[in-house]
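Chemist: model this:
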Amino acid sequence: FSHARREQLRGRRVIVLEFEPRRGAQARDDFERQAGVTAGALWIDEALQQMIRIETWFSDDHARVVEGTSIRVERILLNDEVWLPFHIELNFRQRFAFGNFSQWNNTIEYRDHKKFTVSTDSTIELPDAGR
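Modeler: Residues are numbered from 1 along each chain as shown. Down below sits the predicted model:
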């Protein structure tokens, strides 16, 4: 982690931490190889100590995923009770055989979160023992 700083995000005080892989670290499996080419930043709500935004990107190619692929996820505090998804952006770049290349961008926005209560009432009747 590096470049820790404080900012305001949607009216909340946050701590921002940038991250990148440790130079020279040896990966033991595919997950660690992927983490070894991933960099980004975390926005953490200072008062509630919850991650409210993360931006990650590939700083190098990994398998068929190409450098520059990025993901951004934001969460919002609803009714001062629970953090829910708010905004997701995907910029996915992939390389195929023979130099073919594909890129797609997708944005997902969550709106109009609603609070509701569910109650169930059920009874189970057991059959008579004599049957």
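Chemist: Which elements pack onto the helix or strand encompassing Ile71?
Modeler: Assigned by DSSP states H and E, Ile71 belongs to strand 70-78. Applying 3 or more Cβ pairs under 8 Å, 6 or more residues apart in numbering; DSSP states H and E, we find strand 70-78 packed against strand 51-58, strand 82-95. Glycine gets a C-beta too; all of them are placed from N, C-alpha and C.
Chemist: Pull out the buried positions in that strand.
Modeler: By neighbour count on 16 or more other Cβ atoms under 10 Å, the buried set for strand 70-78 is 70-75, 77.
Chemist: For this protein, which residues score under the pLDDT cut-off?
Modeler: Segments of the chain classed as low confidence (criterion: pLDDT under 70) are 25, 27, 30-36, 59-64, 131.
Chemist: which residues does the residue nearest to Glu89 when sequence neighbours are not counted contact?
Modeler: Excluding the flanking residues, the one nearest Glu89 by Cβ to Cβ, 6 or more residues apart in numbering is Arg72, at 4.3 Å. By Cβ atoms under 8 Å, 6 or more residues apart in numbering, Arg72 lies in contact with 53-56, 87-89.
Chemist: neighbours of Arg22, just the number please.
Modeler: Neighbour count for Arg22, taken as other Cβ atoms under 10 Å: 9.
Chemist: Helix, strand, or coil at it?
Modeler: For Arg22, the assignment made with DSSP: H, G, I helix; E, B strand; the rest coil gives coil.
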